[in-house]
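Visitor: Turn this into a model:
(one chain, ligands or ions: 2)
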Amino acid sequence: MSDRDAKAFRDRIARIDGAGYKRYREIVGSWDLPGFTLFVDHAQSDPFATPSAVRVEIAPDGTGIPVAAVSTGARRLGAATWLAARFAEAASGVRGRGTGRSGEVQMEHPGQTVLPQTAVVVDDQGGLEARFSVGLPGRGRRVDGAGASELLLQTVPDLVRRTLVLDAAAAEGIVEAAETNEDAEALRDCLGREGLIAFVADGARLPRASGIDDRPLETDGVVPFETPATMRARVELPNAGTVAGMAVRPGVTLVTGGGFHGKSTLLRALEAGVYNHRPDDGRERVVTRSDAVKIRAEDGRSVQRVDISGFIDGLPFGRDTHAFTTPNASGSTSQAASIVEALEAGARILLIDEDTSATNFMTRDRRMQELVPTAGEPITPFVDRVRVLWDDHEVSTILVVGGTGDYLDVADAVVRMEAYRPADVTAEARSIAERHPTGRRTDPEAGWALPPGRSIDLASLDPRRGKRPTYVRVPDGRTLRFGRDEIDVSAVEQLVSRAQLRAIGLAMAQLTAEVGATATVPELLDRIERLLADPGLDALYPRGEPRGDLAGFRRHELAATLSRLRSLSVGGDP
Ligand code: ADP
Ligand code: MG
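Guide: Residues are numbered from 1 along each chain as shown. Ligands and ions are numbered 1, 2, ... in the order given. Okay, here's the model as predicted:
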């Protein structure tokens, strides 16, 4: 018996029944319930406000999590993500009753991706902490004591026992999730050792349920991935054993084929392959090196002093492109800027789909070269840069092209998708390129130095809004409200969740400094990367209060978000 046990908790709730809603503050603190400790970290001020933050802590002997699920860092990530999905799904079935958000239980769902996240954290003994929110029940603006007792002493404990305390079948499930993630990590390490840039295992199921639903397409019509013999590689994974699949080598790789034959689906799987996926996702053995960045055209975006002269030079009226700035980029200038920014952040693999590219950025054919001579054409198309990127800078490109043969001259490997099955047509493509010369002139001189990292005025990263020192909101997965700014990240395609975007916003808030302080983009990214490695995501919470709504992100998505901040100020010679 203690003054913080279930009975004391029930009494405390009874005491405030019918009182003004603000008296919910009296239940803040920790409560020892049977099997776990419940922490009420924050009580909302009215039934319509953001629901209240709570946590559950379960000791190792109470979870039923097998040691095999938590014995390595990669296993713990897989296990924690599995638990978060399980709790979040069960919680979404809880129906509240009463005013506003009364009785809701919500946990941040991890989606299909395995990332470090703050909703569920497991330790190496099998103990866990789960963080979620609850809508404290109200009748009008009064405490609904019966509702609160039911929610906190029945509904939540039920959820905890059903999802976070594991029986034998669930124990198997969590070990599978742990092992799947360990294999994905091993596969990524293997890419580095073997000098590959991506791997797609035989049997992988790449198509998604829909353009807005990242879950696997579940129909009989799904064609499992099948590697062409000439591109087959075998890898040894700690749990799955020998796995065969398609190895993508560094250099310039084209993915071609007829319309609707699965080109974009393959590229999207490679984009997603920079992250690990949950078991049964279909892409859990599709892995891409983590410095691969999707590039697309994005007209309308803002660009701040990016040196795009390697692609675009000599704009009308002598506009300088060595420090190109615009609040409203065109298709081609946006795509050029996004490439230069990606390289600035350390990308060494570019992923490009013709579907989302500016045509005049990709190539210019013989006839156009004659009609519009180089002197009147500011764009050096990507087809004339893609080799230099690889030969001089070790930047690889994987490119989806169905519409232009100009790229056959510059490709190291060509894959043709035929009814969702890849074929290696590299030799055929070479012979076609020899038999049918394009007659194009390769645009200018070969050399091109990558520009140095930009210097940022840190005071321009201002997270304040009104009286709030840190205002970071993610109204949807595609917009970040940062201070008084609104950043449109809808074209940053490798951002996979709101939790990631929220974490990026809080990371940007950490970078702000007094007027006059500057740092280069790579320095800023390094700083945040170190913070994420140790102590981790929790360090991003501005007031140090733990919450369950953040997920890990790459330096590339941080860089892409930062670069789209319209008030970003970049220093340098005027
Ligand atoms: P492309 O880029 O070649 O035009 P997409 O990749 O957009 O083709 O694919 C066209 C359609 O085929 C999409 O609806 C996609 O979900 C579906 N699809 C892609 N790969 C497969 C597959 N392996 N099995 C079944 N359907 C697929
Ligand atoms: Mg396509």
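
Visitor: just the helices in the stretch 401-550 of the chain please.
Guide: Ranges of helices in the stretch 401-550 of the chain, per DSSP state H, counting those that start in this stretch, are 426-435, 498-511, 521-533.

Visitor: Now the first one - C-alpha only, CSV.
Guide: Output in CSV follows, covering the C-alpha atoms of helix 426-435 (Å, rounded to 0.1, in the frame of the first residue of the first chain):
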residue,chain,number,x,y,z
THR,A,426,22.7,-2.5,-70.8
ALA,A,427,24.3,-4.2,-73.9
GLU,A,428,21.3,-3.6,-76.1
ALA,A,429,21.2,0.0,-75.0
ARG,A,430,24.8,0.4,-76.0
SER,A,431,24.4,-1.0,-79.4
ILE,A,432,21.4,1.2,-80.0
ALA,A,433,23.3,4.2,-78.9
GLU,A,434,26.0,3.3,-81.5
ARG,A,435,23.6,2.6,-84.3
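
Visitor: What mean pLDDT does that helix get?
Guide: Mean per-residue pLDDT for helix 426-435: 96.

Visitor: if I pick the closest residue to ligand 2 within the stretch 351-500 of the chain, what's in contact with it?
Guide: Nearest residue of the stretch 351-500 of the chain to ligand 2: Asp355, at 4.4 Å (Cβ to the ion). In short, each C-beta sits where N, CA and C put it, glycine included. Contacts for Asp355 (Cβ atoms under 8 Å, 6 or more residues apart in numbering) come out as 264, 400.

Visitor: Ser30 belongs to a strand, doesn't it?
Guide: Yes. Under DSSP: H, G, I helix; E, B strand; the rest coil, Ser30 sits within a strand.

Visitor: what pLDDT does it get?
Guide: We have a pLDDT of 97 for Ser30.

Visitor: Return the set of residues that bridge with it.
Guide: The partner list for Ser30 in beta bridges (DSSP bridges) reads Phe39.

Visitor: how deep is it tucked in, by neighbour count?
Guide: Neighbours of Ser30 under the rule other Cβ atoms under 10 Å: 14.

Visitor: for Arg305, same thing?
Guide: For Arg305, the count of nearby residues is 18 (other Cβ under 10 Å).

Visitor: Let me know the secondary structure of it.
Guide: On the basis of three-state DSSP, Arg305 is classed as strand.

Visitor: How about the contacts made by the residue lying closest to Tyr24 once chain neighbours are set aside?
Guide: Of all residues not flanking Tyr24 in the chain, Ala43 sits nearest, at 4.1 Å (Cβ to Cβ, 6 or more residues apart in numbering). Applying Cβ under 8 Å, 6+ apart to Ala43 gives the contacts 24-25, 27-28, 52, 136.

Visitor: Dihedrals phi and psi, Gly73?
Guide: Per-residue torsions, Gly73: phi -60, psi -40 (degrees, to the nearest 10).

Visitor: Please renumber the chain so that the first residue is 666 from this point on.
Guide: Sure, I'll start numbering at 666, so the last one becomes Gly738.

Visitor: thinking again about what came up before, tell me the spacing between the residue nearest to Tyr689 and Pro1134.
Guide: Distance of Ala708 to Pro1134, given as Cβ to Cβ, to the nearest Å: 22 Å.

Visitor: circling back to that earlier point, and the pLDDT at the residue nearest to Tyr689?
Guide: Predicted confidence (pLDDT) for Ala708: 97.

Visitor: how far away is it from Val693?
Guide: 5 Å.

Visitor: got any ranges where the protein has weak pLDDT?
Guide: Within the chain, the stretches with pLDDT under 70 are 666, 1108-1111, 1237-1239.

Visitor: out of all of them, which helix in it is the longest?
Guide: helix 833-859 (DSSP state H).

Visitor: one step back: so of the helices of the stretch 1066-1215 of the chain, which one's packed in deepest?
Guide: Neighbour counts (mean count of other Cβ atoms under 10 Å) averaged over each of the helices of the stretch 1066-1215 of the chain peak at helix 1163-1176, with a mean of 24.

Visitor: Enumerate every residue touching whichever residue of the stretch 866-1015 of the chain sits closest to ligand 2.
Guide: At 3.1 Å from ligand 2, Ser929 is the closest residue in the stretch 866-1015 of the chain, using Cβ to the ion. For Ser929, the contacting residues are 1018, 1020, 1065, by Cβ under 8 Å, 6+ apart.

Visitor: Strands of the stretch 866-1015 of the chain, start to end?
Guide: For the stretch 866-1015 of the chain, applying DSSP state E, counting those that start in this stretch gives strands covering 873-875, 878-881, 897-902, 906-913, 917-922, 941-942, 951-953, 957-960, 968-971, 989-991, 1014-1018.

Visitor: helices or strands up against the fifth one?
Guide: Same thing as strand 917-922. helix 928-937, helix 1051-1058, strand 1061-1065, strand 1078-1083 (3 or more Cβ pairs under 8 Å, 6 or more residues apart in numbering; DSSP states H and E).

Visitor: Next, find the distance separating the closest residue to Gly1170 other than its chain neighbours from ligand 1.
Guide: Take Gly1170 and drop its neighbours on the chain: the residue closest to it by Cβ to Cβ, 6+ apart is Val1137, 3.7 Å away. To ligand 1, Val1137 is 34 Å away according to Cβ to the nearest ligand atom, to the nearest Å.

Visitor: Now do Val1137 against Val1186, distance only.
Guide: From Val1137 over to Val1186 the distance is 20 Å, taken as Cβ to Cβ.

Visitor: in which helix or strand would I find Ala744?
Guide: Using DSSP states H and E, Ala744 sits in helix 738-757.

Visitor: how about the CA coordinates for stretch 1189-1199, as PDB?
Guide: C-alpha atoms of stretch 1189-1199 as PDB (Å, rounded to 0.1, in the frame of the first residue of the first chain):
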ATOM      1  CA  LEU A1189      24.800  22.800 -38.700                       C
ATOM      2  CA  LEU A1190      23.800  19.400 -40.000                       C
ATOM      3  CA  ASP A1191      26.800  17.800 -38.200                       C
ATOM      4  CA  ARG A1192      25.800  19.500 -35.000                       C
ATOM      5  CA  ILE A1193      22.300  18.100 -35.100                       C
ATOM      6  CA  GLU A1194      23.500  14.600 -36.200                       C
ATOM      7  CA  ARG A1195      25.800  14.500 -33.100                       C
ATOM      8  CA  LEU A1196      22.900  15.500 -30.900                       C
ATOM      9  CA  LEU A1197      20.700  12.800 -32.300                       C
ATOM     10  CA  ALA A1198      23.400  10.200 -31.900                       C
ATOM     11  CA  ASP A1199      23.800  11.100 -28.200                       C
END
